[in-house]
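In: whatever this is, show me its structure:
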Amino acid sequence: MIQDSTFSIHRLRFDETYHPSDRTRLTTNFANLARGESRQENLRNVIRMIDNRFNELAHWDNPTRDRYSIELEIVSVEMDLAFAGKNDSFPLIEVLYTTIVDKKENRRIEGLAGNSFSSYVRDYDFSVLLPKYNKDKTEFSVPHNYGDLHGNLFKSVINSAAYKKNFKKRPLICLSVSTNRTYHRTENQHPILGVEYQQREFSLTDEYFAKMGMKVRYFMPSNSAAPLAFYFFGDLLSDYSTLELISTISTMESFQKVYRPEIYNANASAADCYKPSLKHQDYSNTLIIYDREERTQLATAQGKYTEENFSEPYYDVLEQWSASYAA
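Out: Residues are numbered from 1 along each chain as shown. Below you'll find the model as predicted:
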């Protein structure tokens, strides 16, 4: 069955020379940027955005706002299919790992794994399974065990020896807030994460990450246009250092400005009662080319790939393992 040796971890530098591997989901933010004629300029510009935002947030002892830079690695977790009797592997998840370079002290500081989150199984669940399940329904709903398998696979990766050998802390994932929910500003304010927002009901993504064992809180850092959703284990406010949190904010806010400029590159910041919208008109585009329509189409294609190469052929053994893992 699935065990520690089932998972292997591979790391690839994300810089202006980056080319997506054959097994990378092309809907992933960093992979989408690295395609087409503008790929190198895209990569150079987004890395510059990340560094600038990091130095803006880490402003102490940094008068010229150029003390730090961020190095990014793409962390790929592959799943050995030997447990199902096949001599092959499946690309399970991808996240980003940050390293902080302090140029003043000439030292490198470990950041965090997580940040972005990429999963073929998630593509299947959202882009294939849900539409199929709701095809003839008048009201949207989800299967009773929706996200269970993906959640158990993710938790088994985080608890594996392979993960613990590579990373000291459990992942912190940072995503866009949901356009189907309304967020309310609170009085709570963190010196790095910024002002906390809350909502009355979890989004489908929030519930999906809960199946992965992760909690969620929503914060809008200083000089941000909108709150970000932070998915975490343990205690978000005490388990991570100041620079670790800044590395996540600067990385993921920069990607969101490219991917969802209507929300994260808006010309006015979120109100006290805030409902994100991709139809918002008062925003600025970055200089980075991003094909959002293609991204949506590819999500379905990648979900079908997962169905054909993972979910359907190994359904029985995966469901049996997931049930025993949960028990």
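
In: so what's Tyr325 up against?
Out: 2, 152, 155-156 (C-beta atoms under 8 Å, 6 or more residues apart in numbering). Yep, even glycine has a C-beta here, placed from its N, CA and C like the rest.

In: cutoff 6 Å now
Out: When contacts are counted by C-beta atoms under 6 Å, 6 or more residues apart in numbering, Tyr325 touches Asn152.

In: neighbours around Glu105, how many?
Out: 10 (other C-beta atoms under 10 Å).

In: quick one: what helix or strand has it in it?
Out: For Glu105, there is no helix or strand it lies in under DSSP states H and E.

In: please apply the same query to Asn55.
Out: With DSSP H and E as the test, Asn55 turns up in helix 39-57.

In: could you do Ser324 as well?
Out: helix 315-326.

In: just Val95 next, same as before
Out: Applying DSSP H and E, one finds Val95 within strand 89-102.

In: report the buried residues of that strand.
Out: Along strand 89-102, these residues count as buried under the neighbour rule (16 or more other C-beta atoms under 10 Å): 90-98, 100-101.

In: for the helix holding Ser324, what is the distance to the chain centroid?
Out: 25 Å (C-alpha atoms, centre = their mean, to the nearest Å).

In: list the buried residues of that helix.
Out: So, applying 16+ other C-beta under 10 Å, buried residues of helix 315-326: 318, 321-322, 325.

In: what of stretch 163-172?
Out: Neighbour-count burial for stretch 163-172 [16+ other C-beta under 10 Å]: 163, 167, 169-172.

In: run a quick neighbour tally on Tyr197.
Out: That count, for Tyr197 with other C-beta under 10 Å as the rule, works out to 24.

In: could you number the chain from 31 rather than 1 from now on?
Out: Okay, using 31 as the starting number, the last item reads as Tyr227.

In: where does it sit, in terms of helix or strand?
Out: strand 224-228.

In: can I get the very next helix or strand once past that strand as CSV, trimmed to CA atoms?
Out: Later in the chain than strand 224-228, the nearest helix or strand by DSSP H and E is helix 234-241. Coordinates of each C-alpha in helix 234-241 appear next as CSV, following Å, rounded to 0.1, in the frame of the first residue of the first chain:
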residue,chain,number,x,y,z
LEU,A,234,-15.7,25.4,-1.7
THR,A,235,-11.9,25.9,-1.8
ASP,A,236,-11.8,26.5,1.9
GLU,A,237,-13.7,23.3,2.5
TYR,A,238,-11.4,21.4,0.1
PHE,A,239,-8.3,22.6,2.0
ALA,A,240,-10.0,21.6,5.3
LYS,A,241,-10.0,18.0,3.9
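
In: is Gly224 in contact with Tyr248, as I believe?
Out: No - using C-beta atoms under 6 Å, Gly224 is not in contact with Tyr248; the gap is 10.1 Å.

In: if we can go back for a sec, using PDB, write out every CA atom in the helix holding Asn85.
Out: This file holds the C-alpha atoms of helix 69-87, laid out as PDB (Å, rounded to 0.1, in the frame of the first residue of the first chain):
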ATOM      1  CA  ARG A  69       8.500  34.000 -21.400                       C
ATOM      2  CA  GLN A  70      11.900  35.400 -20.400                       C
ATOM      3  CA  GLU A  71      10.600  38.900 -20.000                       C
ATOM      4  CA  ASN A  72       7.600  37.600 -18.000                       C
ATOM      5  CA  LEU A  73       9.800  35.700 -15.600                       C
ATOM      6  CA  ARG A  74      12.200  38.500 -15.200                       C
ATOM      7  CA  ASN A  75       9.400  41.000 -14.400                       C
ATOM      8  CA  VAL A  76       7.600  38.800 -11.900                       C
ATOM      9  CA  ILE A  77      10.800  38.000 -10.000                       C
ATOM     10  CA  ARG A  78      11.500  41.800  -9.900                       C
ATOM     11  CA  MET A  79       7.900  42.300  -8.500                       C
ATOM     12  CA  ILE A  80       8.500  39.700  -5.800                       C
ATOM     13  CA  ASP A  81      11.800  41.200  -4.700                       C
ATOM     14  CA  ASN A  82      10.400  44.800  -4.700                       C
ATOM     15  CA  ARG A  83       7.400  43.700  -2.600                       C
ATOM     16  CA  PHE A  84       9.600  41.800  -0.200                       C
ATOM     17  CA  ASN A  85      11.800  44.800   0.400                       C
ATOM     18  CA  GLU A  86       8.800  47.100   0.900                       C
ATOM     19  CA  LEU A  87       7.500  44.800   3.600                       C
END
